[in-house]
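Undergrad: below: sequence and its predicted model.
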Amino acid sequence: KDELPENNVRPYLFTYWGTDKRNDQNGKSGDNRHEILKQLQVGIGNYHTRFIGRFSTVKRDMKPDTMRNIMPILNQSRYTLCFNWKDNTATTSRYHEALASGIIPMVYGLYDSTGILVKDDWQRVESAEELDEKIMSTDYMNKYKEIYYTYKQTLLTKDQIYDSFESKLLRIINEN
């Protein structure tokens with residue numbers, strides 16, 4: 001059964017959960033998401049946002065918490081932004097969490113540059129301004145359905161995931 005958002009009434013147009021990754025264990029991370037998030041919070045567009053987590057430059061609405069406790073807010077949100085500054089080919093759990101919550105996962109820069117998850121280049125943004133323009137000029141529900149259905153059609157089955165893992169594991173074992 002396809003799980004679509006229960007309704008189009010979602011008061012939070014943008015929600016971000018996690019941290020701003022401004023600093024890592026070595027000091028400065030080189031990641032600039034804190035700048036993008038701050039721009040979104042202080043006035044790009046005039047819409048309701050929610051920030052859940054730990055941030056250095058963004059005022060949070062809620063402290064870090066479990067997915068179970070933040071789900072009520074996510075289920076009232078329309079868009080989020082996925083970042084990955086360490087490896088452009090990688091994906092993050094936020095993409096899956098967003099779709100499961102009825103949120104359109106927008107992606108920053110070259111996130112998932114190989115296109116494993118991101119099949120629609122419309123989801124890619126390079127700035128807070130571009131994200132704002134897309135949010136304000138798009139029919140949320142129709143776009144969500146389009147992205148969600150494509151996502152469901154292109155996911156690997158459990159058997160495919162198992163077979164892929166098994167073949168990699170056997171190759172490693174046979175090399176040693």
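TA: All right, it came through fine.
Undergrad: and for Leu155, the neighbour number?
TA: Residues within reach of Leu155, counting by other CB atoms under 10 Å, total 13. In this view, the C-beta of every residue, glycine as well, is placed from N, C-alpha and C.
Undergrad: give me phi/psi at it?
TA: phi -70, psi 150 (degrees, to the nearest 10).
Undergrad: next one: Pro119, what pLDDT does it get?
TA: If you look again at residue 119, you'll see it is Lys, not Pro. Looking at Lys119, its pLDDT is 93.
Undergrad: if I look at it, how far off is Cys82?
TA: Distance, Lys119 to Cys82, using CB to CB, to the nearest Å: 14 Å.
Undergrad: quick one, which of the two is more surrounded?
TA: Cys82 (23 against 15).
Undergrad: I'd like the distance from the lengthiest helix in the chain to the chain centre, please.
TA: Longest helix in the chain, counting residues (DSSP state H): helix 158-175. Its chain's C-alpha centre and that of helix 158-175 lie 28 Å apart, by CA atoms, centre = their mean, to the nearest Å.
Undergrad: distance of the spatially most central residue of the chain from Leu170?
TA: The residue lying closest to the centre of the chain (CA atoms, centre = their mean) is Cys82, at 3.5 Å. Counting by CB to CB, the gap from Cys82 to Leu170 is 32 Å.
Undergrad: need phi/psi at Asn127.
TA: If you look again at residue 127, you'll see it is Ser, not Asn. According to degrees, to the nearest 10, Ser127 has phi -160, psi 170.
Undergrad: I'd say it and Ile36 touch.
TA: Yes: using CB atoms under 8 Å, Ser127 is in contact with Ile36, at 7.3 Å.
Undergrad: now do the contacts for Cys82.
TA: 91-92, 94-95, 98, 105-108, 111-112 (CB atoms under 8 Å, 6 or more residues apart in numbering).
Undergrad: the residues you listed in helices, which ones?
TA: Checking the contacts of Cys82 against DSSP H, those in helices are 94-95, 98.
Undergrad: which one of those residues is nearest to Tyr162?
TA: Looking at the ones in helices among the contacts of Cys82 and their distance to Tyr162, the nearest is Tyr95, at 21.5 Å (CB to CB).
Undergrad: looking at it, the closest one is touching Gln123, isn't it?
TA: No: contact criterion CB under 8 Å: Tyr95 and Gln123 do not qualify, at 9.5 Å.
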